[in-house]
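> Output the structure for:
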Amino acid sequence: MVDVAAKARFSALLITLFSFCLPAFANNQTALVQLVEYVGADYINAVVDGDIVSPEEYAEMEEFTALLAQGVAQLPAADGKQDLQDKADALQQAVIDKATEPRIKALAQSVRATLVTVYGIPVSPKAAPDLERAAELYQTQCAACHGEQGRGDGPAGAALEPAPTDFTAVSRYNGRSLLGLHTTITQGVDGTGMAAYSDTLSDKDRWALAFFVGAKAVSDEMAENGKAAFNRIPGMQTSLTLDTLVAQAPEDVLKEQGEQAYAALGYLRREPSALFNENRFIALSDERLHEAEQAYRSGDHQAARSAALSAYLDGFEMIEQQLAAVDGDLMRRAEADFMAVREAIDRRHEADIVSERAATARASLAAAADALSGDGLSPAATFSASFFILFREGLEALLVVAALLTFTRKANAASATRHIHLGWVAALLAGGLTWYAANSLITFSGASREMTEGVAGVVAALILFYVGFWMHSNSHSQKWLGYIRNKVDDALGSGTIWVLTFVSFISVYREIFETILFYQALWSQVTTATQAFVFYGIGAAVTALAVVCFLFFRIGMRLPLSLFFRVTSLVLLVLSVVLLGRGIAALQEAGVLDAYYLGVPTIEWLGFFPTVQGVTAQGMAVLLGVLLWLRGSKPD
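Reported below is the predicted structural model:
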């Protein structure tokens, strides 16, 4: 790896690339972060005390800041975009004015920080980087140019122009984010000796290398001071999140949070595992509950609700699946405790009641910490959890798809059958892409998880309700039943066939999405000795689902068409009510809908979550279903 600075030949190549690809580049905030870091790190090579010391380097600075301003202009609309644009324009003008290096670095820092704040973090590591592995990779891939200690003095780097980066230089360390380092390792730098490693190293290895070289300038003293600050200063663990660690350069943190946080950031670069454990999310959740309690007592109800919502989505939700794999009852109890805090805030209860419910939620957090502090699941528990995850999630999707396929096969509807197969196959492909994204590209936040589950659940419920009623309304029509036996494809019509396709897709994809999240959580709770039992459980669940599918087809094909219509329509209507309850519960957990609790037990397999909103919606669905059922029972 070599310095991200480039000479004239690199400038020409990069400018050409950016000019042709600006619209796509503008939507890649990661590349914009990398570009602004070029300017902040390399301006000193172009201008010193207002004088141009390298015309080639100065030309690069002019071009890069112009491209940066254009790239920002092409970004999607967002709150804060205009502020970002103003800062990018100011950086461009400062280069034109040959401003001092501190001025350029300050502007570059501001642009980078605003970019990250407005548009979020494009990528982040999915697990704690393996620094031992990174040390091995560094010696085989990087040391020849950068030197064994990272000082840029490797034998192969002596003839390189520009010279390899000295990772031990504090000035360079202060201006480089881990996101920028990861991007450089991934994409390389055209026109220099810095090759792209996207094809030769996995994303996990590239992140490990970014952390490894990004900590070379951290001294032992800084790391020790940072460890103490991170573990002892109240609020430090909640302010130095993974997003902050990845996207912000040390000088950003120094300016925004002070010297203690700056030292803590250095410690986390050396020991990133401190941010990849359940205790961090539990600590964050506990801190947010405290903030919610304090804000409510001060009369700021909106801030209290936001903090309470964050306590769940940014804290507890991130360990929810892990806890479910260990103790499902505790997970559901803790989930209810968090929603009870929000309910008390929404209903403007006395401050003492809010504090009491917050204390209950904290007690559940402590119990969760104890439950997750063990040595992993036993083989039996691993097998059982793996089996029931797939069997439970797969059964609902299987019932929907099997019911639709049995109907179309009984009626010899070849076109409709193909469309239903198209739906569930497309869902499997979409699920595979989701799994890849969840493991390689993005991290699903608590809010995005709940929103995806909630919206998919409600949409699936509405579509299933429609199809169930449609089937039942025609189950007594002798004219329809006679016609359908001979020409069902024409009877259904293209519109209805595509509805069946969508039902097949959304029913399967929703369950795949949940299954992915649950298996990710389960995998984090197993040891090397019990990993095989995860696959044993999957195999057993697939076998059980195959048996259920066979029996459903076997029985369904033997039923008279009219009776099959009525039975299938009842199954779909019941499933629609279950999915409606789950979808509303997920939207409540995401904070989109309010939640007022009822004093009755939860029945999860029925989708019954005892809130006024959920019970009301399910009750209305049941009432409407009964009325439509009675109306559709009249033969014609």
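> show me the contacts for residue 391.
541, 544-545 (C-beta atoms under 8 Å, 6 or more residues apart in numbering). Every C-beta, even on glycine, is put in place using the N, C-alpha and C of the backbone.
> can you tell me how far residue 67 sits from residue 81?
In this view, residue 67 and residue 81 are 17 Å apart by C-beta to C-beta, to the nearest Å.
> what about these two, which has more around it?
residue 67 (22 against 17; other C-beta atoms under 10 Å).
> on contacts alone, who are the packing partners of the helix or strand hosting that one?
Here residue 67 sits within helix 55-73, counting by DSSP states H and E. Counting contacts by 3 or more C-beta pairs under 8 Å, 6 or more residues apart in numbering; DSSP states H and E, helix 55-73 is packed against helix 8-20, helix 22-26, helix 29-42, helix 81-96.
> what's the distance between it and the middle of its chain?
How far helix 55-73 lies from its chain's middle: 33 Å, per C-alpha atoms, centre = their mean, to the nearest Å.
> same check, this time on stretch 70-89
24 Å.
> The chain should start at 690 in everything you say after this.
Done: numbering now begins at 690, and the last item shifts to stretch 759-778.
> Now do the end-to-end distance for it.
Using C-alpha to C-alpha, to the nearest Å, one end of stretch 759-778 lies 9 Å from the other.
> What average pLDDT does that stretch get?
Computed over stretch 759-778, the mean pLDDT rounds to 88.
> now stretch 976-988
90.
> Number of residues surrounding residue 1015?
21.
> got it, and residue 814?
22.
> one step back: narrow the contacts of residue 1080 to those that are buried.
1230, 1234 (16 or more other C-beta atoms under 10 Å).
> got the contacts of residue 1080 as JSON lines, with secondary structure, pLDDT and distance to residue 1077 columns?
Below are those laid out as JSON lines (DSSP: H, G, I helix; E, B strand; the rest coil; pLDDT from 0 to 100; distance: C-beta to C-beta, whole Å):
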{"residue": "1230", "secondary structure": "helix", "pLDDT": "89", "distance to residue 1077": "8"}
{"residue": "1233", "secondary structure": "helix", "pLDDT": "91", "distance to residue 1077": "10"}
{"residue": "1234", "secondary structure": "helix", "pLDDT": "89", "distance to residue 1077": "12"}
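> Relative to residue 1094, which of the contacts of residue 1080 is nearest.
Set against residue 1094, the nearest of the contacts of residue 1080 by C-beta to C-beta is residue 1234 (14.2 Å).
> was I right about the closest one contacting residue 1085?
No. With contact defined as C-beta atoms under 8 Å, residue 1234 does not reach residue 1085; the gap is 10.9 Å.
> Now for residue 1082: which residues touch it?
So residue 1082 contacts 1200-1201, 1203-1204, 1207 (C-beta under 8 Å, 6+ apart).
> Go ahead and confirm residue 1034 touches residue 985.
Yes. Using C-beta under 8 Å, residue 1034 is in contact with residue 985, at 6.0 Å.
> Mutual contacts of the two, please.
993, 1043.
> which stretches of this structure form strands?
For the chain, applying DSSP state E gives strands covering 736-737, 740-741.
> Could you give the separation of the last one from the chain centroid?
Using C-alpha atoms, centre = their mean, the mean C-alpha position of strand 740-741 is found 46 Å from that of the whole chain.
> For the helix holding residue 756, list every residue counted as buried.
Going by 16+ other C-beta under 10 Å, helix 744-762 has these buried residues: 746-750, 752-761.
> go on, stretch 974-992?
974-985.
> who's in contact with residue 1152?
1188, 1191-1192, 1195.
> switch the cut-off to 10 Å
Contacts for residue 1152 (C-beta atoms under 10 Å, 6 or more residues apart in numbering) come out as 1089, 1188-1189, 1191-1192, 1194-1196, 1261, 1265, 1268.
> repeat for residue 776
725, 757-758, 761, 796-804 are the contacts of residue 776 under C-beta under 10 Å, 6+ apart.
> Now with 8 Å, please.
796, 799-800, 803.
> on that earlier part again, got the strands of the chain as TSV, with mean neighbour count, mean pLDDT and distance to residue 1048 columns?
Listed next are the strands of the chain as TSV, based on neighbours: other C-beta atoms under 10 Å; pLDDT from 0 to 100; distance: least, C-beta to C-beta, whole Å:
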stretch	mean neighbour count	mean pLDDT	distance to residue 1048
strand 736-737	18	89	59
strand 740-741	10	90	64
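> Nearest to residue 1252, out of these?
Comparing these by C-beta to C-beta, strand 736-737 comes nearest, at 84.5 Å.
> And that closest one, how far out from the chain middle?
Distance, centroid of strand 736-737 to centroid of chain: 43 Å (C-alpha atoms, centre = their mean).
> Listing partners with orientation, what would you give for that strand?
As defined by DSSP bridges, the strand partners of strand 736-737 come to strand 740-741 (antiparallel).
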